[in-house]
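Trainee: Next input, structure requested:
(2 chains)
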Number of protein chains: 2
Amino acid sequence: MWQLLQFPLCPFSRKVRLQLGEKGIAYSLKRENPWDYRDEFLHINPAARTPVMQDEARGLNLSDSVAISEYIEEVSDKVPLISGSSAYRAEIRRLVSWFDQQFYGDVTAPLLHEKMKKRLVYRQSPDSRVLREAMRLADGHLDYIDYLVDHRPWMAGGTMSMADMAAAAQISVADYLGGIDWTGHDFAKGWYAKFKSRPSFRPLLTERMEGITPPKHYELVDF
Amino acid sequence: MWQLLQFPLCPFSRKVRLQLGEKGIAYSLKRENPWDYRDEFLHINPAARTPVMQDEARGLNLSDSVAISEYIEEVSDKVPLISGSSAYRAEIRRLVSWFDQQFYGDVTAPLLHEKMKKRLVYRQSPDSRVLREAMRLADGHLDYIDYLVDHRPWMAGGTMSMADMAAAAQISVADYLGGIDWTGHDFAKGWYAKFKSRPSFRPLLTERMEGITPPKHYELVDF
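Mentor: Numbers count the residues shown, from 1 in each chain, chains lettered A, B, ... in the order given. Sure, this is the predicted structure:
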């Protein structure tokens, strides 16, 4: 069986877990704090990033969430999430990259640094200026999501895809850390509510990161 | 015909150009400085990053170098560069991500900021501490490349792949900017020399970025 090395607030692990959940592929979780730089972990993935997906029986060690997602798509034909014409697949992948890199860099990474790493690793208080800037940028990202899902049933177009998984993964971590103000973002909120009620998403929403409590609305489908 | 929006020292555009060159796909270049934040460019790619690959006749606008590379692989069966088993393809994609993100973040991005953007945009002198740190990290990356190509004919394994294109693209920009010291890296040097002599690579090596002169060895196959 697959084993996923991850920690509860890793957005890239969440993206892969949503994909595995939608496809009904069984896996177990193994906790890995990349900031511990464990020798054994660095040996498996020199990039020192989660997730890593392992199948010890078959000697497989897959690193990098994009490489893992593409692998899962290739070996599973259930619920295809990178499908359609090559141009449509390019749009799915563009948006995955957008959420993995732009949204992560603007919003999720600073929130994780200020609210999780400073608390758990450095024992420091968060910098309120950095938090305000991340929330300001989150608002711009929600505008873009409003625009996308006003014009399309799902993030990349007519079908649910890895773009939705990538977006929901980043947003869910930012929302857990109190970085999302949904006011005025009805289209994005409607899309996210639809997503929150999916069986693939429920297990993630009930998990907690030690010492960090999410806002009340975080787990509610009606928020 | 395809048109690639790029600037001469964009490593992600170089990666796509190497792929197009290996496959013998015709394209023209259009200069785009992402740091100008041209409205028309932002409208096409809100991430404000090069490359963007366009085919105006067919109304195609592709953004994000990974999405573009996967698209090219899907529509062209000549010289496959993401091929083999799913596990091998995952290794290719892991390394593409390694060079696009880790090498870029550690080495190419700080070199481009200090030696190109500060000169052309901000009219400032480079910070020598930042340059030294980028070169120190480049040395570690070259150690990793030494290790890989000592164990494998090409970067990801038995065949030339997008991992080689991604690596050569980043290294070539870092080398142009004087950030690579090849001393003691014979395996990496041997791999790069082999690459430098390929017809796909020659046009890139003869191009120049205005106001920035590469070191003498940059263009030489025997360096």
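
Trainee: Give me the packing partners of the helix or strand harbouring A:Ser172, helices and strands only.
Mentor: For A:Ser172, the enclosing helix or strand under DSSP states H and E is helix A:162-176. Counting contacts by 3 or more C-beta pairs under 8 Å, 6 or more residues apart in numbering or on different chains; DSSP states H and E, helix A:162-176 packs against helix A:11-23, helix A:65-75, helix A:86-97, helix A:128-151, helix A:186-196. In short, each C-beta sits where N, CA and C put it, glycine included.

Trainee: Please repeat the previous calculation with a cut-off of 7 Å.
Mentor: Counting contacts by 3 or more C-beta pairs under 7 Å, 6 or more residues apart in numbering or on different chains; DSSP states H and E, helix A:162-176 packs against helix A:11-23, helix A:86-97, helix A:186-196.

Trainee: surely A:Val107 meets A:Ala174?
Mentor: Yes. Look at A:Val107 against A:Ala174 with C-beta atoms under 7 Å: they come within range, at 5.2 Å.

Trainee: Pull up the overlap in contacts between those two.
Mentor: A:Ala138 (C-beta atoms under 7 Å, 6 or more residues apart in numbering or on different chains).

Trainee: Name the residue in the two with the higher neighbour count.
Mentor: A direct count of neighbours by other C-beta atoms under 10 Å in any protein chain shown for A:Val107 and A:Ala174 places A:Val107 higher, at 29 against 26.

Trainee: gap between the residue lying closest to the more buried one once chain neighbours are set aside and chain B?
Mentor: Excluding its sequence neighbours, the residue lying closest to A:Val107 (C-beta to C-beta, 6 or more residues apart in numbering or on different chains) is A:Ala138, at 4.6 Å. Going from A:Ala138 to chain B by C-beta to the nearest C-beta, to the nearest Å gives 15 Å.

Trainee: Determine the number of other residues adjacent to A:Ala138.
Mentor: 24.

Trainee: The one 10 residues further on now?
Mentor: Other residues near A:Leu148 come to 20 when the count uses other C-beta under 10 Å.

Trainee: what's the distance between the residue lying closest to it once chain neighbours are set aside and A:Asp139?
Mentor: Nearest residue to A:Leu148 in three dimensions, chain neighbours excluded: A:Met155, at 5.8 Å (C-beta to C-beta, 6+ apart). To A:Asp139, A:Met155 is 18 Å away according to C-beta to C-beta, to the nearest Å.

Trainee: Neighbour count: the two, which is higher?
Mentor: A:Met155 (26 against 16).

Trainee: who's in contact with the more buried one?
Mentor: Here A:Met155 is in contact with A:95, A:148-149, A:161, A:163-164, A:167 (criterion: C-beta under 7 Å, 6+ apart).

Trainee: Now distance to A:Val16 too, for those residues, in a markdown table please.
Mentor: As requested, the contacts of A:Met155 are arranged in a markdown table below (distance: C-beta to C-beta, whole Å):
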| residue | distance to A:Val16 |
| --- | --- |
| A:Leu95 | 16 |
| A:Leu148 | 22 |
| A:Val149 | 23 |
| A:Ser161 | 14 |
| A:Ala163 | 14 |
| A:Asp164 | 14 |
| A:Ala167 | 14 |
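
Trainee: Near chain B, which residues of chain A are found?
Mentor: A:46-47, A:60, A:62-64, A:66-67, A:70-71, A:74-75, A:86-87, A:89-90, A:93-94, A:97-98, A:102, A:144 (C-beta under 7 Å from any C-beta of the partner chain).

Trainee: Could you pick out the buried ones from these?
Mentor: A:47, A:62-64, A:66-67, A:70-71, A:87, A:89-90, A:93-94, A:97-98, A:102 (16 or more other C-beta atoms under 10 Å in any protein chain shown).

Trainee: out of those, who's nearest B:Ile180?
Mentor: Closest approach to B:Ile180 among these (C-beta to C-beta): A:Ala47, at 20.6 Å.

Trainee: SS state for the closest one?
Mentor: Secondary structure state of A:Ala47, per DSSP: H, G, I helix; E, B strand; the rest coil, is coil.

Trainee: before we move on, what about A:Leu4?
Mentor: strand.

Trainee: Find me the pLDDT at it, would you?
Mentor: As predicted, A:Leu4 sits at a pLDDT of 98.

Trainee: OK, contacts around it?
Mentor: So A:Leu4 contacts A:13, A:16-17, A:27, A:29-30, A:51, A:53 (C-beta under 7 Å, 6+ apart).

Trainee: Tell me which residue is most central in chain A.
Mentor: Centroid-nearest residue in chain A: A:Ala169, 2.3 Å away (criterion: C-alpha atoms, centre = their mean).

Trainee: I'd say it and A:Lys15 touch.
Mentor: Yes. Applying C-beta under 7 Å, one finds A:Ala169 in contact with A:Lys15, separated by 3.9 Å.

Trainee: Any chance you could list residues touching both of these two?
Mentor: Between them, A:Ala169 and A:Lys15 share no contacting residue, judged by C-beta under 7 Å, 6+ apart.

Trainee: Could I get the buried residue list for stretch A:102-110?
Mentor: Buried, per 16+ other C-beta under 10 Å, within stretch A:102-110: A:102-104, A:106-110.

Trainee: Now do A:Asp181 against chain B, distance only.
Mentor: According to C-beta to the nearest C-beta, A:Asp181 and chain B sit 21 Å apart.

Trainee: what about that residue, which SS state?
Mentor: Put simply, A:Asp181 is coil when judged by three-state DSSP.

Trainee: Would you mind writing the CA trace of stretch A:105-115 as PDB?
Mentor: What follows is stretch A:105-115, C-alpha atoms only, in PDB (Å, rounded to 0.1, in the frame of the first residue of the first chain):
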ATOM      1  CA  GLY A 105       4.500  32.100  -2.400                       C
ATOM      2  CA  ASP A 106       2.100  35.000  -1.800                       C
ATOM      3  CA  VAL A 107      -0.200  33.500   0.800                       C
ATOM      4  CA  THR A 108       0.400  30.000   2.200                       C
ATOM      5  CA  ALA A 109       4.100  30.100   2.700                       C
ATOM      6  CA  PRO A 110       4.200  33.400   4.700                       C
ATOM      7  CA  LEU A 111       1.200  32.200   6.800                       C
ATOM      8  CA  LEU A 112       2.900  28.900   7.500                       C
ATOM      9  CA  HIS A 113       6.100  30.700   8.400                       C
ATOM     10  CA  GLU A 114       4.500  33.200  10.700                       C
ATOM     11  CA  LYS A 115       1.800  31.100  12.300                       C
END
